[in-house]
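# Make a model of this:
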Amino acid sequence: MDLLKSIVCMTENSEFIARCNFDEPKDVSGPIQITFIECDTISNHLFTSGTCRQVDSDWEFRMPLEEATRRRLIRLTALTNGSGSPIEVRQPQLFLEPATPGAWEQGDTAESELARIESEREARYQLTLKADDVTTGDPVFSSVTLVDGILLTANLRVPGINALRLEESSLGSDGVEVLNSVLPQLGFTSAIAPQAWMSDMRRRRPAIVLHMPSVQATDVQSASDVTRKAAHQLLDLLALKRGSRGRIVGGALGLPDPSTGKIAFSGSWIEGGGYEGNLMGGFVSGEDPAGLFSDWQHMATDPRIQLWLSLYADALSENRWDYRLFRCFNLIEGIAKEVLPRNLRVVDSGGNPILKGDGKPYTVGQAQGAAYELIKKIAHSTNQNLSNFVSHVPTGPASNLWDEVGIWTSVRNSVAHKGSWALPHGTTPDAKHLKVQAEILRRGDGANIAIGAWVVVRSVRTAVESVIRAGFRQMI
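Numbers count the residues shown, from 1 in each chain. Just a heads-up that it's a prediction; the model follows:
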């Protein structure tokens, strides 16, 4: 095996130079391939990789070196000869960039810088995720979340969260068991091969776990809420990075014992709100065979209906109320601007123009006007009262459709422009936000916005379903 005798790195004329010397230079077969990684306070990553050229009895690598705001620390990680075989390196090779051009430092100086970098890196990632209402004495949980539908080839992390790849996962094993129990009942003479099923499942639905070692919250429920929020944010980012959006399956929480390092199980959770549809069966609950057959036939001939149903189904999969409303409202607005005249003026139930703050009439060019006019059209076509699309308000003056759609519009705009209805911590809401918030609270118990928010979501869902049903009946 070829043996590296020494390597020197230097900066010269804005170039990085690595010069390798071998015990038996005549026996070394080229070309030599060399790879360095850079160690910084975020991660270890590729610094450079390339081919060395022979200079006298040495092998030399050169590349342009960009200026940096800090002294770089690099490690030699791979050295191979012309046949692709590794060249033996006697000891770890660390190099610290000098303050001025010249030879890069090695030995204790580089090792000391590595220790400093690794200590700062660990401190950067050791973050406690906290609930909004947390106090100093609240317990600190350890959280593990299972995610499928995303492939990682290396473990990743962000402050407070470790994303760990799973080489082998048993996700989907329950599915093949259920299918194999049903197949004989339906006349099948053979079953699915479990090993083939699981192999395909692991390929199509790779899985990871998200470990959050420090989550401070008042109780298990609050800790799981913190876990979910952080997990969704990271998965949204990984969707951009990896091109696929992972799906949370569920998770577990425990309380660490500092004296033993063991974690006492505290509870588990399953992602999603669970089944939210009809609990009753029969003709009036969506199980009408004739109606299902008719709608299925219509779907096959109307691509618009297929799209609307798909977008509505996507909306129902959202666990956050503001995201679900956002999707529902966008669907209503999109349909409205497709089927209504572009310059149609918005009028109230008495035929009077509804005016904007500047005194000009609303048209369907504005989101609120478009949604309002479409729902009016649907209500008229299906002989429904406009109040059917308005949230029930337990106390105080009743609402009307225009104001209801105004709430939907405000929430949609907040999500579109700020990312959510809830404002960032420490942000002072403006008068309009406070007014809409008060209206949402009025639809609940007056104290918990989540109760009123889901009431509002129910009203926008009613509107979407009425619009799509009208599409099936070719009324729009």
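# Need the pLDDT of the closest residue to Arg469 other than its chain neighbours.
Spatial nearest neighbour of Arg469, chain neighbours left out: Thr382 (7.8 Å); criterion: Cβ to Cβ, 6 or more residues apart in numbering. Quick note: C-beta positions are derived from backbone N, CA and C, even for glycine. If you check Thr382, the pLDDT there is 92.
# Give the full set of residues in contact with Thr382.
466, 469-470, 475 (Cβ atoms under 8 Å, 6 or more residues apart in numbering).
# repeat that for 10 Å
The contact partners of Thr382, by Cβ atoms under 10 Å, 6 or more residues apart in numbering, come to 388, 466, 469-470, 473, 475.
# Relative to Ile468, how far out is it?
Here the criterion is Cβ to Cβ, to the nearest Å. By it, Thr382 lies 12 Å from Ile468.
# How about Arg116?
The span separating Arg116 from Ile468 equals 61 Å under the rule Cβ to Cβ.
# Over to Glu111?
Using Cβ to Cβ, Glu111 is found at 66 Å from Ile468.
# Please say which of those two ends up with more neighbours.
Residue environment comparison for Glu111 versus Ile468 gives the larger neighbour count to Ile468, 21 against 14, counting by other Cβ atoms under 10 Å.
# and the strand or helix carrying the more buried one, which residues are buried?
When elements are defined using DSSP states H and E, Ile468 is found to belong to helix 449-472. Taking 16 or more other Cβ atoms under 10 Å as the basis for neighbour counts, the residues of helix 449-472 that come out buried are 449, 452-457, 459-464, 466-468, 470-472.
# now stretch 47-58
Of the residues in stretch 47-58, those with enough neighbours to count as buried (16+ other Cβ under 10 Å) are 47, 52, 58.
# wait, what's in contact with Pro258?
Under the criterion of Cβ under 10 Å, 6+ apart, the neighbours of Pro258 are Val140.
# Please tell me how far it sits from Ala123.
Taken as Cβ to Cβ, the span from Pro258 to Ala123 is 18 Å.
# Can you get me the start-to-end distance on stretch 157-172?
Between the opening and closing residues of stretch 157-172 lies a distance of 26 Å (Cα to Cα, to the nearest Å).
# And the average pLDDT for it is what?
Averaged over stretch 157-172, pLDDT sits at 91.
# If you count neighbours, what's buried in that stretch?
Going by neighbour count (16+ other Cβ under 10 Å), the buried part of stretch 157-172 is 157-158, 160-163, 165-166, 169, 171-172.
# And it, how far out from the chain middle?
Taking Cα atoms, centre = their mean, to the nearest Å, the mean C-alpha location of stretch 157-172 is offset from the chain mean by 14 Å.
# all helices in the protein, in order from the N-terminus.
Taking DSSP state H, the helices of the chain run over residues 108-125, 173-182, 194-204, 220-242, 289-301, 303-316, 321-339, 367-381, 401-418, 431-442, 449-472.
# other SSEs contacting the shortest one?
Under the contact criterion of 3 or more Cβ pairs under 10 Å, 6 or more residues apart in numbering; DSSP states H and E, helix 173-182 touches helix 194-204.
# List the buried residues for stretch 141-156?
Under the neighbour-count criterion of 16+ other Cβ under 10 Å, stretch 141-156 has 141-150, 152, 156 buried.
# Quick check: the farthest pair among the buried residues of stretch 157-172?
Gly160 and Gly172 (29.4 Å; Cβ to Cβ).
# Kindly compare burial across the helices of the chain and name the winner.
Among these, judged by mean count of other Cβ atoms under 10 Å, the one packed with the most neighbours on average is helix 367-381 (a mean of 22).
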